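> From the sequence below, what's the structure:
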Amino acid sequence: MTQRRATPLSRILDGDAVPTRVTPMDAFRLARKKWLAGERLDIGKLAVDLGVGRATVFRWVGSREHLYGEIISSGFAIDLERAKAEARAPGIERLFEVIERLLRALVASGPLRRFVEQDPEFALRVLTSKHSPVQHRCMLAFREAIDAQVAAGAMEPALPPEELAYLLVRIVESFLYRDVITGADPDVATAVAAIRILCLARPETTAGRRE
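Residues are numbered from 1 along each chain as shown. So this is what the prediction gives:
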């Protein structure tokens, strides 16, 4: 699987580096503030506001597209933690409840919907590209959730966890942004139903079909 591009900002957000200076995080916080306010991000304007060179900001964040991805994936992480805290269902049902709560939060996100509406083609690149921090962190979150259910004995996936996590992310993308893809409204219920089918499929059923 192609690895996403690592930047100084990515490494800090992933916890892989402790900055001796806070400048990359200053850029992130300012960009996130603008994102929440509905402003379009501009690397040159960010550089002016921060009092640094444009090339410096590009070195920190990688690109405008990558910066959008970092901001959106950080929001995804916040919504995911909230969904986990609010979920009450036991066993494997907890996984489905967390996913449903997460998707409903994403559908209700004003900044995210505004971003998609302003420039659908660019937004889909940011949200669904294999190089994007969004897809990367979504896949990690799904993989961790699957591994936790397997470890608890609540789930025996019919596919390797990494492949299953990838499929779940693709299902989420297809139904969450299908207003851009097909013109239909986002459909959380169908997304969760499809995820449920995949997660509850028996290994022997999948093996038989491969033969």
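> What separation is there between residue 102 and residue 200?
19 Å (CB to CB, to the nearest Å). Quick note: C-beta positions are derived from backbone N, CA and C, even for glycine.
> who's more crowded, the two?
For residue 102 versus residue 200, neighbours defined as other CB atoms under 10 Å are more numerous around residue 102 (24 against 13).
> does that one really touch residue 81, like I thought?
No. At 9.7 Å, residue 102 does not count as touching residue 81 under the criterion of CB atoms under 8 Å.
> other SSEs contacting the top helix by length along the chain?
The single longest helix within the chain, with elements called by DSSP state H, is helix 64-86. Helices and strands touching helix 64-86, by 3 or more CB pairs under 8 Å, 6 or more residues apart in numbering; DSSP states H and E, are helix 8-13, helix 23-36, helix 91-107, helix 110-118, helix 120-128, helix 133-151.
> any idea what sits nearest residue 132, other than its immediate chain neighbours?
Using CB to CB, 6 or more residues apart in numbering and skipping residues adjacent in sequence, the residue nearest residue 132 is residue 69, 4.6 Å away.
> In contact with that neighbour, which residues?
126-127, 132-134 (CB atoms under 8 Å, 6 or more residues apart in numbering).
> which SS state does residue 186 fall under?
Secondary structure assignment for residue 186 (DSSP: H, G, I helix; E, B strand; the rest coil): coil.
> show me what contacts it?
Neighbours of residue 186 in contact, by CB under 8 Å, 6+ apart: 107, 175-179.
> Can you redo the residues you listed as CSV, where the extra columns are secondary structure?
Listed next are these as CSV, based on three-state DSSP:
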residue, secondary structure
107, helix
175, helix
176, helix
177, coil
178, helix
179, helix
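> Give me the pLDDT for residue 22.
What the model reports as pLDDT for residue 22 is 42.
> just residue 183 next, same as before
If you check residue 183, the pLDDT there is 88.
> now swap in residue 204 and tell me
pLDDT for residue 204: 69.
> How about the one 5 residues further on?
At residue 209 the predicted local distance difference test score is 50.
> Over to residue 52?
Looking at residue 52, its pLDDT is 89.
> Can you tell me the element it falls in?
Using DSSP states H and E, residue 52 falls within no helix or strand.
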